[in-house]
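Colleague: Model the following, please.
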Amino acid sequence: MDFEEFRRRGKEMVDYVADYLENIEQRPVYPDVQPGYLRTLVPTEAPEEPEKYEDVLKDVERVIMPGVTHWHSPYFYAYFPTSSSFPAMLADMLCTGIGCIGFSWAASPACTELETVMLDWLGKMLKLPECFIAGTQGCGGGVIQGTASEATLMSLLAARCKAIRRVQSVNPELSEAEIFSKLVAYTSEQAHSSVERAGLIGGVMMKKVPTDNKFSLRGDMLRKMIDEDKAAGLIPFYLCATLGTTSSCSFDNLLELGPICNDELMWMHIDAAYAGSAFICPEFRPLLNGVEFADSFNFNPHKWLLVNFDCSAMWVKRRTDIIGAFKMEPVYLKHDNQESGLVTDYRHWQIPLGRRFRSLKLWFVFRMFGLKGLQDHIRKQVALAKEFESLVRADKRFEICSEVVLGLVCFRLRGSNELNEALLKRITSSREIHLVPCQLAGTFVLRFAVCSRATESHHIQQAWKHITQLTFELLQERVN
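Modeller: Modelled structure (predicted):
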């Protein structure tokens with residue numbers, strides 16, 4: 001493929017993507033395939049000779065699309081949103097075209113510097129404390145990770161390193177292995193599974209703290225567990241608090257948890273993967289109150305801020321804490337400007353060495369939507385969730401299972417778990433809308449998350465009509 005063909009095919013691909021998104025609601029949102037379907041549609045080995053581009057593109061529809069779950073369909077209500085917008089797509093195209101690997105400032109100065117500035121822009125949108133903003137006199141700053149899972153792991157590993165050094169400064173006779181075996185981390189029983197997984201990777205105990213009747217982690221329960229563990233000779237060193245849990249979008253109480261962590265010299269990380277985008281709206285910013293106690297904070301613009309995957313924004317209060325845990329300086333990565341104090345080498349802030357020019361997506365989206373446009377998007381989707389909530393509450397066969405704060409509605413049929421499992425099975429089999437469940441206090445619950453940028457009121461109404469029709473059929477069968 002030469003330059004001329006690339007120009008032509010590139011324009012065709014933009015048309016294909018635009019057509020796909022413009023007509024996406026005509027496709028079944030959930031695929032009707034069985035495991036292994038794709039292997040029967042492609043050869044067993046790669047071709048010896050080059051194939052025509054036209055044949056490759058034809059096979060996108062024949063091979064790929066039948067097995068795609070259409071996350072950007074207005075009938076997709078599962079998990080949480082995966083953001084997308086045309087400015088972000090164009091920026092990602094440019095990122096791929098430039099193709100730099102920005103592991104250090106010298107590797108591509110624009111890649112590093114735009115990221116630092118964009119994380120400052122975003123931090124100011126969120127009204128983060130000055131200590132998290134790199135362009136101020138603060139000691140912290142922001143970095144783009146791939147996912148919230150990576151951000152959690154990075155914070156835990158940095159906290160582990162800091163805790164070991166702190167204990168050894170007081171008790172130099174203790175070996176690193178002895179300290180390591182006594183470290184204990186905490187998170188809510190409602191936290192995402194990636195938090196527990198970070199503990200497994202980090203090799204430390206991760207204890208789940210019970211929540212209150214609103215599925216929120218409170219200070220009294222954390223304090224109780226910390227005191228018990230200290231009495232047993234353990235060393236509490238880390239808490240991952242969640243703002244907007246995956247199951248029910250519940251919020252841990254930072255104003256109670258933060259002072260405890262500060263008093264105990266524990267690292268507090270805040271995972272706001274989904275909900276964090278909403279904090280750019282003044283009416284939702286109080287949900288972030290208490291962030292001033294945190295050592296690190298993370299959310300995913302690629303979930304709800306119109307920036308496509310992957311783009312997970314993480315801030316640290318003290319950059320030396322994270323750099324000190326991972327800094328390696330082989331001679332082939334050194335450069336003349338690294339000691340100037342004016343540059344950041346982001347390889348010290350992450351697990352991998354290489355990194356993409358992901359800040360281009362933020363730059364394009366922030367400039368082409370503006371803060372007001374992004375706020376409008378968040379508010380529209382919250383309003384759609386409230387509309388769905390009102391439909392559920394108006395039907396006495398159903399109940400709402402947790403407070404609806406943002407774009408997630410947790411609901412169920414009044415009755416047994418088995419009844420709700422049967423309803424979800426029918427919804428999934430129909431492939432008209434897509435939902436996933438959760439467990440809340442042992443109860444099987446259906447989650448309805450407003451996800452697609454294209455979702456409108458009539459899609460919400462149609463989804464509810466579909467759910468109630470399947471409910472009617474299910475209940476009628478059980479009566480007969």
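Colleague: where do the strands sit along the stretch 101-250 of the chain?
Modeller: If DSSP state E, counting those that start in this stretch is used as the criterion, the strands of the stretch 101-250 of the chain fall at 141-145, 183-188, 205-209, 235-242.
Colleague: Would you point out which residue is most central in this structure?
Modeller: For the chain, the residue whose C-alpha lies nearest the mean C-alpha position (Cα atoms, centre = their mean) is residue 273; its distance is 3.8 Å.
Colleague: Excluding chain neighbours, what is closest to it?
Modeller: Using Cβ to Cβ, 6 or more residues apart in numbering and skipping the chain neighbours, the partner closest in space to residue 273 is residue 148 (3.9 Å). Bear in mind the C-beta positions are built from the backbone N, C-alpha and C, glycine included.
Colleague: how far away is residue 132 from residue 210?
Modeller: Taken as Cβ to Cβ, to the nearest Å, the spacing of residue 132 relative to residue 210 amounts to 30 Å.
Colleague: could you give the angle of the helix or strand of the chain with the lowest mean pLDDT to strand 141-145?
Modeller: The helix or strand of the chain with the lowest confidence, counting by mean pLDDT, DSSP states H and E, is helix 319-326 at a mean of 80. With axes from the mean of the first three to the mean of the last three Cα atoms, to 10 degrees as the criterion, the two stretches helix 319-326 and strand 141-145 enclose an angle of 40 degrees.
Colleague: picking up where we left off before, for the residue nearest to residue 273, what are its contacts?
Modeller: In this structure, residue 148 makes contact with 192, 194, 271, 273, 298-300, 312, judged by Cβ atoms under 8 Å, 6 or more residues apart in numbering.
Colleague: what about the residue lying closest to residue 401 once chain neighbours are set aside, is that helix, strand or coil?
Modeller: With Cβ to Cβ, 6+ apart as the measure, residue 410 is the residue that lies nearest to residue 401, at 4.3 Å, once sequence neighbours are left out. Under DSSP: H, G, I helix; E, B strand; the rest coil, the three-state class of residue 410 is strand.
Colleague: separation between residue 410 and residue 388?
Modeller: Relative to residue 388, and taking Cβ to Cβ, residue 410 is found at 11 Å.
Colleague: Identify the contacts common to those two.
Modeller: Between them, residue 410 and residue 388 have residue 448 as joint contacts when contacts are counted by Cβ under 8 Å, 6+ apart.
Colleague: tell me the contacts of the residue nearest to the centre of the chain?
Modeller: Under the contact definition (Cβ under 8 Å, 6+ apart), the residues listed for residue 273 are 80, 148, 192, 244, 298-300, 303, 312.
Colleague: can you confirm it is in a helix?
Modeller: No: judged by three-state DSSP, residue 273 forms no part of a helix; its state is coil.
Colleague: Show the pLDDT at it.
Modeller: As predicted, residue 273 sits at a pLDDT of 94.
Colleague: Can you tell me which helices and strands the lengthiest helix in the chain packs against?
Modeller: For the chain, the helix reaching the highest residue count under DSSP state H is reported as helix 359-393. Contacts defined by 3 or more Cβ pairs under 8 Å, 6 or more residues apart in numbering; DSSP states H and E place helix 359-393 against helix 86-98, helix 109-125, helix 301-304, strand 398-400, strand 408-413, strand 443-449, helix 457-479.
Colleague: orientation of the first one relative to helix 359-393 in degrees?
Modeller: To tie it back to what came earlier, the one meant is helix 86-98. 150 degrees.
Colleague: Show me what the residue nearest to residue 401 is bridged to.
Modeller: In this structure, residue 410 bridges to residue 447 when assessed by DSSP bridges.
Colleague: Hmm, residue 391 and residue 409 touching each other?
Modeller: No: contact criterion Cβ atoms under 8 Å: residue 409 and residue 391 do not qualify, at 9.4 Å.
Colleague: related to what we said a few turns ago, neighbour count winner among residue 132 and residue 210?
Modeller: Of the pair residue 132 and residue 210, residue 132 is the one with more neighbours under other Cβ atoms under 10 Å, namely 27 against 13.
Colleague: and the gap between the more buried one and residue 267?
Modeller: Noted for residue 132: a distance of 15 Å to residue 267, by Cβ to Cβ.
Colleague: tell me which residues in stretch 280-300 are buried?
Modeller: By 16 or more other Cβ atoms under 10 Å, the buried positions in stretch 280-300 come out as 280-281, 284, 287-288, 290-300.
Colleague: Just the endpoints, please. Distance across that stretch?
Modeller: The first and final residues of stretch 280-300 sit 13 Å from each other (Cα to Cα, to the nearest Å).
Colleague: any idea of the mean pLDDT in it?
Modeller: Here the mean pLDDT over stretch 280-300 is 97, rounded to a whole number.
Colleague: ok, how many other residues are close to residue 100?
Modeller: Tallying neighbours of residue 100 according to other Cβ under 10 Å, which is how burial is gauged here, yields 15.
Colleague: Double-check that it belongs to a helix.
Modeller: No: counting by three-state DSSP, residue 100 falls outside a helix, being coil.
Colleague: Alright, calling it a day.
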